[in-house]
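Participant: Quick check, what structure comes out for this input:
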Amino acid sequence: MKNGLAIWHYPHRTLTENVVHFSEMLDSVSVLGFHFVDACRQDGGAALYEALCEKHPVFTVHHKLPSTHEEKDVAAFNEDIALCARWQKRYGLLATLSFDVPQAIRDGIYPYLKTVLDAFAGEKTRIAVEDFGLTEEEMRQLDPLRGNPQFGFLLDIGHLTMRLHDSHWSPKKRLFNFSRYECPSRELGTPVTRADYRETIVNKPFPIVEIHMHTNDGVRDMHWFLDNPEGVVDSQMIADLLTELHYDDVLTIESAPGFMFPCAGREADEGIERTIAIWKSCLERAQRQ
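Facilitator: Numbers count the residues shown, from 1 in each chain. Have a look, this model is predicted:
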């Protein structure tokens, strides 16, 4: 397993400074799509390439599909993808390009995925969607991609935890609603078990190419550090399970200081350093077992 970090919550350093800083303690860094596109526009992405080469980390980008199906949003998305693809064709370092799926376009995402896959044809970059395929209707949209080795899923452990607890804070957002399709044997009203997580992971019909790791209270999408005493995600259980399943792709810690809780600067650095240490300790214990 390659251990990584979403580095976009540390604005007291520049993007390239964060790449170098966190690469010293991790195998991988993940950059927000909008930051990546901005870097591509500024100098063709050369500074980012040089920062990545300095530490040779695995590199992933987390972007989002168009906010709506409206022409202006689709045009902006297509422009972003063209920039990302040009960077990859020049530098070749992007391992995974993943996407959030806005609620407004969950009814028809295939054309956008085809645009991305066409742009990255022949590249080593894998294309993934986060928190999608939660119903039979959503999965049917992905039928044309079955057997495509370049396509997979990004699984967010924090979001999955909220779905399993069935105590979502926004019933209008499907990514936080319990999915019988995703975990058919789950008995609502009983404690969430390791078996529920395991069933969800092994039943995914596409490979999981990246995992986002953080914790919350089972109700709110807080993206807490792993040592938050109110967090319900069992980090050791997740490490044990992924080790048992021989998961060998990227796990990106997505604790998010300053996002859903106030935290910045040195306090943010200290919090994420504790989280990284906790996660590494969990993995070491899992591997010993």
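Participant: who's in contact with the spatially closest residue to residue 165 that is not a sequence neighbour?
Facilitator: Distance criterion Cβ to Cβ, 6 or more residues apart in numbering; nearest residue to residue 165, sequence neighbours excluded, is residue 218 at 4.0 Å. The C-beta positions use only the backbone N, C-alpha and C, and glycine is treated the same way. For residue 218, the contacting residues are 161-162, 165, 167, 192, 232, by Cβ atoms under 8 Å, 6 or more residues apart in numbering.
Participant: I'd like those as CSV, with pLDDT, distance to residue 6 and secondary structure appended.
Facilitator: CSV is the format used below for the contacts of residue 218 (pLDDT from 0 to 100; distance: Cβ to Cβ, whole Å; DSSP: H, G, I helix; E, B strand; the rest coil):
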residue, pLDDT, distance to residue 6, secondary structure
161, 96, 17, helix
162, 94, 18, helix
165, 91, 23, helix
167, 66, 25, coil
192, 95, 24, coil
232, 97, 20, coil
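Participant: Check the protein and tell me which residue is nearest its centre.
Facilitator: The central residue of the chain, meaning the one whose C-alpha is nearest the mean C-alpha position (Cα atoms, centre = their mean), is residue 212 at 4.4 Å.
Participant: that's a strand at that one, yeah?
Facilitator: Yes. Counting by DSSP: H, G, I helix; E, B strand; the rest coil, residue 212 is part of a strand.
Participant: tell me the contacts of it?
Facilitator: Contact partners of residue 212, counting by Cβ under 8 Å, 6+ apart, are 6, 130, 154-159, 252-254.
Participant: ok, now with 6 Å
Facilitator: Taking Cβ atoms under 6 Å, 6 or more residues apart in numbering as the contact definition, residue 212 lies against 156, 252, 254.
Participant: Also residue 153?
Facilitator: With Cβ under 6 Å, 6+ apart, residue 153 has these contacts: 128, 204, 206, 208.
Participant: hmm, try it at 10 Å
Facilitator: The contact partners of residue 153, taken as Cβ atoms under 10 Å, 6 or more residues apart in numbering, are 98, 128-133, 142, 201, 204-211.
Participant: Please, where are all the strands along the stretch 151-289 of the chain?
Facilitator: Assigned by DSSP state E, counting those that start in this stretch, the stretch 151-289 of the chain shows strands spanning 151-156, 208-213, 250-253.
Participant: which parts of the last one are buried?
Facilitator: Spelled out, it's strand 250-253. 250-253 (16 or more other Cβ atoms under 10 Å).
Participant: Repeat that for the first one.
Facilitator: Residues of strand 151-156 classed as buried under the neighbour-count rule (16+ other Cβ under 10 Å) are 151-156.
Participant: How about residue 232: what's its closest non-neighbour residue?
Facilitator: Nearest residue to residue 232, sequence neighbours excluded (Cβ to Cβ, 6+ apart): residue 218, at 4.5 Å.
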